[in-house]
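Trainee: Build me a model from this:
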Amino acid sequence: MPATPESPDSATPPDMQAFFRQGQAMAQGFMQFMAQQQAAMQGNAQAASSPLAQIAAMPAWLPKPEHNEQATALQKEWLQRHAALWQGMMQRKSGETAAPLVEPEAGDRRFTHPAWAESPVFDYVRQAYLLNAGYLKQLAETAPVAEGLDKNRLRFVTRQYVDAMAPSNFAATNPEFVKAAIETKGESISRGIQNMLGDLRKGRITMTDEAQFEVGRNLAITPGAVVFENEVMQLIQYSPLTEKVAQRPFVMVPPCINKFYILDLQPENSFVRYAVEQGHTVFLVSWRNVKAEQGKLTWDDYIDKGPLVAFDVAREICSTEQVNALGFCVGGTIISSALAVAKARGEDPVASLTLLTTLLDFSDTGEIGYFVDEAAVVAREQSIGRGGILPGRELSSVFSSLRANDLIWQYVVGNYLKGNKPTPFDLLYWNSDSTNLPGPFLAWYLRNLYLENNLRIPGKLEMGTAEKGRVKVDLGRVDMPVFILATREDHIVPWQSSYLGRGLLGGKTTFVLGASGHIAGVINPAAKNKRSHWINDAATASPDEWLDTATEVKGSWWPRWAEWLKAFDDGEVVARGRLGSKTHAPGEPAPGRYVKERAE
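Mentor: Residues are numbered from 1 along each chain as shown. All right, here's what the predicted structure looks like:
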């Protein structure tokens with residue numbers, strides 16, 4: 001072979017030497033990128049002595065004595081495979097196809113267009129990138145960083161860098177850009193520039209044809225009315241769709257970091273409508289998309305002015321002592337905390353609880369946790385902890401970065417390089433409809449839950465507004481029956497962490513594991529009979545042991561949940577002829593105005 005592990009030797013063709021230098025520069029740039037990410041995450045002088053910063057100070061292409069033999073062998077293999085790739089391209093005749101030396105990972109659709117294989121040059125470019133990408137990922141594994149949060153963070157930023165450097169993301173190295181430009185006589189370039197300028201004005205990437213959707217017109221259209229509102233939320237009551245309904249009302253608390261209509265997209269995939277069709281009087285909390293005037297709202301405000309007041313209103317309207325309740329994602333954490341507060345005050349407003357993809361034990365917070373450490377939390381506390389807001393676009397960019405190829409780069413390529421118009425997709429419209437968060441709420445949430453994991457410790461936290469009374473909370477006192485759904489491919493709420501909530505709550509828990517991810521695993525309509533879920537009556541403390549003996553069931557988890565909830569109906573009554581009550585008269589029609597307010 002013409003190269004050694006130490007460096008490309010002088011016998012290597014000049015073009016090949018240049019490519020080695022480019023690969024070395026990519027690796028060095030990668031290490032510098034990692035150090036910058038570490039510094040940004042930590043935001044203090046400690047970053048300069050971090051393992052990532054120390055690695056970045058080395059020429060990445062030349063393993064040092066401090067590095068292990070695995071890194072040396074890795075570099076040798078990398079150089080040899082590049083030499084083989086180069087020789088294969090040089091020997092390839094015009095119009096001839098050749099079996100690739102490097103294949104994309106399963107599910108990688110970036111290089112599926114025939115144009116990548118038709119040209120020897122572009123075929124070489126994509127394979128060289130894949131070779132470099134694999135090398136950097138393996139190099140990250142050999143880095144002297146202990147397993148745990150730091151190593152996982154290293155893997156994460158490696159993926160971010162590798163995804164960003166893909167030749168598909170750049171006009172000069174993407175044959176699809178060239179092909180589209182030729183076929184449209186340059187029109188695709190003009191459209192792409194206009195698409196980019198439009199997104200710059202909006203401050204975000206367009207993922208769907210937004211003109212095709214409107215909240216209240218073809219999204220969130222389940223009939224109902226707002227029956228209560230305060231500075232934190234509007235409470236919607238939905239109109240019955242059955243002659244008789246369960247005596248106990250059903251109160252839903254969605255996450256406040258997104259708009260509620262993920263649960264009510266369109267009739268065929270609306271979880272809200274499904275619950276109404278099962279004979280429940282459904283109430284739903286529609287969180288306010290806060291502006292500067294609400295910038296002082298706290299976690300305690302969301303507890304006392306959110307679920308707890310929603311329970312009171314629903315009970316008054318339906319003349320019942322208790323409700324059945326559901327919390328989704330952060331809404332599940334809020335509702336569980338609210339119930340711990342209620343129990344500490346001697347109240348018992350909820351007969352059964354459903355938790356969807358919810359964290360109560362924050363020992364493993366998935367990829368979101370890579371953004372949270374002491375310095376990052378302190379920075380938030382100092383900037384907005386006493387007042388201010390976290391803009392929705394910032395929160396949205398964090399979530400998009402978790403799946404950069406799917407939620408960033410494919411739209412850079414499609415919208416800007418090819419000049420395409422995104423196709424209509426209701427879920428992506430919702431995903432782009434971001435929400436602001438009040439600074440004090442966020443700072444408390446990051447400090448006490450993500451960073452210190454205090455909710456799992458009985459009596460560690462005090463919650464509740466001063467006017468309602470502050471109390472020490474204990475999840476063990478939340479003793480009603482609980483249905484817990486987690487999803488197997490969830491990168492925001494790892495299912496194993498969600499499972500650990502069973503050991504914190506005081507009541508009997510039923511755990512179901514859905515297929516797919518954080519959203520698709522939840523929004524899985526029964527009528528479509530897609531995907532599957534796992535069930536197991538065992539109450540083992542280990543999530544992995546639970547899964548080992550679980551049974552896979554084809555189809556949606558919705559009917560299983562609906563059957564579980566029937567046990568807590570407290571009988572049936574004739575459906576109410578009008579919404580609200582004298583005390584809580586119906587106001588504006590669902591979905592209300594709070595959900596229509598756009599983030600800054």
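Trainee: CA atoms for contacts and neighbours, from now on please.
Mentor: Will do.
Trainee: Please enumerate the strands of the stretch 101-250 of the chain.
Mentor: With DSSP state E, counting those that start in this stretch as the criterion, the stretch 101-250 of the chain has strands at 224-229, 233-238, 244-246, 250-253.
Trainee: now for the ones you listed, which one comes closest to Trp86?
Mentor: Closest approach to Trp86 among these (C-alpha to C-alpha): strand 250-253, 57.5 Å.
Trainee: Okay, now the sheet partners of that closest one, with direction.
Mentor: strand 282-287 (parallel), strand 323-328 (parallel) (DSSP bridges).
Trainee: Just checking, which helix or strand of the protein averages the lowest pLDDT?
Mentor: None of the helices or strands of the chain scores lower by mean pLDDT, DSSP states H and E than helix 51-56, at a mean of 39.
Trainee: picking up where we left off before, save the strands of the stretch 101-250 of the chain as TSV, and put in mean pLDDT, distance to Glu367 and mean neighbour count too.
Mentor: As requested, the strands of the stretch 101-250 of the chain are arranged in TSV below (pLDDT from 0 to 100; distance: least, C-alpha to C-alpha, whole Å; neighbours: other C-alpha atoms under 10 Å):
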stretch	mean pLDDT	distance to Glu367	mean neighbour count
strand 224-229	98	34	24
strand 233-238	98	29	27
strand 244-246	98	40	20
strand 250-253	98	24	27
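Trainee: which stretch among those strands comes nearest Pro424?
Mentor: Closest approach to Pro424 among the strands of the stretch 101-250 of the chain (C-alpha to C-alpha): strand 224-229, 26.1 Å.
Trainee: going on from the least confident helix or strand of the chain, what's the next piece of helix or strand?
Mentor: Next in sequence after helix 51-56, counting helices and strands by DSSP states H and E, comes helix 69-91.
Trainee: which of the residues in that following helix are buried?
Mentor: Within helix 69-91, the residues scored as buried using 16 or more other C-alpha atoms under 10 Å are 71-72, 74-76, 78-83, 85-86, 88.
Trainee: residues contacting the residue nearest to Tyr445 when sequence neighbours are not counted?
Mentor: Nearest non-adjacent residue to Tyr445, counting by C-alpha to C-alpha, 6 or more residues apart in numbering: Trp299, 7.2 Å away. Residues in contact with Trp299, defined by C-alpha atoms under 8 Å, 6 or more residues apart in numbering, are Pro440, Phe441, Leu442, Trp444, Tyr445, Met463.
Trainee: 10 Å instead, please
Mentor: 305, 334, 337, 438-445, 463-465 (C-alpha atoms under 10 Å, 6 or more residues apart in numbering).
Trainee: Can you name the residues bridging to Ser352?
Mentor: Beta-bridge pairing for Ser352 (DSSP bridges): Asn324.
Trainee: Please report how far it lies from Ile334.
Mentor: 16 Å (C-alpha to C-alpha, to the nearest Å).
Trainee: For the contacts of Trp299, please prepare TSV with the additional fields neighbour count, secondary structure and distance to Glu489.
Mentor: Shown next, in TSV, are the contacts of Trp299 (neighbours: other C-alpha atoms under 10 Å; DSSP: H, G, I helix; E, B strand; the rest coil; distance: C-alpha to C-alpha, whole Å):
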residue	neighbour count	secondary structure	distance to Glu489
Lys305	19	coil	33
Ile334	25	helix	23
Ser337	25	helix	26
Pro438	26	strand	29
Gly439	28	helix	30
Pro440	24	helix	31
Phe441	24	helix	28
Leu442	20	helix	26
Ala443	25	helix	28
Trp444	19	helix	28
Tyr445	18	helix	24
Met463	19	strand	32
Gly464	23	coil	34
Thr465	17	coil	37
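Trainee: Those into JSON lines, with extra columns for distance to Gln194?
Mentor: Converted to JSON lines, these look like this (distance: C-alpha to C-alpha, whole Å):
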{"residue": "Lys305", "distance to Gln194": "44"}
{"residue": "Ile334", "distance to Gln194": "42"}
{"residue": "Ser337", "distance to Gln194": "47"}
{"residue": "Pro438", "distance to Gln194": "34"}
{"residue": "Gly439", "distance to Gln194": "35"}
{"residue": "Pro440", "distance to Gln194": "39"}
{"residue": "Phe441", "distance to Gln194": "38"}
{"residue": "Leu442", "distance to Gln194": "36"}
{"residue": "Ala443", "distance to Gln194": "38"}
{"residue": "Trp444", "distance to Gln194": "41"}
{"residue": "Tyr445", "distance to Gln194": "40"}
{"residue": "Met463", "distance to Gln194": "50"}
{"residue": "Gly464", "distance to Gln194": "50"}
{"residue": "Thr465", "distance to Gln194": "49"}
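Trainee: what's the closest of those residues to Ala562?
Mentor: Ranked by distance to Ala562 (C-alpha to C-alpha), the contacts of Trp299 are led by Ile334 at 22.6 Å.
Trainee: so the closest one makes contact with Ile303?
Mentor: Yes. Here Ile334 lies in contact with Ile303, judged by C-alpha atoms under 10 Å, at a distance of 6.5 Å.
Trainee: Roughly how far does the residue lying closest to Gly414 once chain neighbours are set aside sit from His280?
Mentor: Of all residues not flanking Gly414 in the chain, Asn420 sits nearest, at 5.5 Å (C-alpha to C-alpha, 6+ apart). For Asn420, the distance to His280 (C-alpha to C-alpha) stands at 44 Å.
Trainee: same check, this time on Arg315
Mentor: Distance of Arg315 to His280, computed by C-alpha to C-alpha: 13 Å.
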